[in-house]
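Asker: can you look at this prediction? I've put the sequence above it.
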Amino acid sequence: MISTVILQAAGGSNLMGTVIPMVLIMVVFYFFMIRPQVKKAKEHKKLVAELGIGDKIVTTAGIHGKIVGSNDTTFLIEVEGGTKIRFDKSAISLDATKASAPKA
């Protein structure tokens, strides 16, 4: 009878020993992986929303150019020699106009 009670008590503590580390792992994943990605996505969305015609940009492919046209999902970029290329807004990685401006 006493051995049954001891075994049942040991089983309950084993469950807590398994659940607590799993919860801690989820918390670590949230703060080190999920939260920074969400923050980065919000910053990129804000960057793209602030861009307008005449702004100099750099794409994720490393192409430098100036925005000469825009619609809901794309930018028309003018590169060296007057060539125009259409890029998806998600392909913009840097606003070169703000990056090259001197900081006060």
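Answerer: Nice, I can see it.
Asker: mind listing the strands for the protein?
Answerer: Ranges of strands in the chain, per DSSP state E, are 56-59, 64-70, 74-78, 84-88, 92-95.
Asker: any chance of a markdown table for these, columns mean pLDDT?
Answerer: Output for the strands of the chain, formatted as a markdown table (pLDDT from 0 to 100):
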| stretch | mean pLDDT |
| --- | --- |
| strand 56-59 | 94 |
| strand 64-70 | 95 |
| strand 74-78 | 95 |
| strand 84-88 | 95 |
| strand 92-95 | 91 |
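Asker: burial count for Ser70?
Answerer: Using other CB atoms under 10 Å, Ser70 has 15 neighbouring residues. No exception for glycine: its C-beta is placed from N, CA and C like everyone else's.
Asker: that one and Lys89, how far apart?
Answerer: In this view, Ser70 and Lys89 are 8 Å apart by CB to CB, to the nearest Å.
Asker: of all the strands of the chain, which one is nearest Met33?
Answerer: Set against Met33 and scored by CB to CB, the strands of the chain come closest in strand 92-95, at 20.8 Å.
Asker: CA atoms only: put the closest one into PDB for me.
Answerer: Extracted C-alpha coordinates of strand 92-95, given in PDB (Å, rounded to 0.1, in the frame of the first residue of the first chain):
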ATOM      1  CA  ILE A  92      13.300  46.200 -51.400                       C
ATOM      2  CA  SER A  93      15.900  46.000 -48.700                       C
ATOM      3  CA  LEU A  94      17.300  49.500 -48.100                       C
ATOM      4  CA  ASP A  95      16.300  53.100 -48.500                       C
END
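Asker: which neighbouring elements make contact with that strand?
Answerer: In terms of contacts (3 or more CB pairs under 8 Å, 6 or more residues apart in numbering; DSSP states H and E), strand 92-95 is packed against helix 35-50, strand 56-59.
Asker: what lies in contact with the last one?
Answerer: Counting contacts by CB atoms under 8 Å, 6 or more residues apart in numbering, the residues outside strand 56-59 that touch it are 51, 64-67, 75, 77, 87, 91-97, 100.
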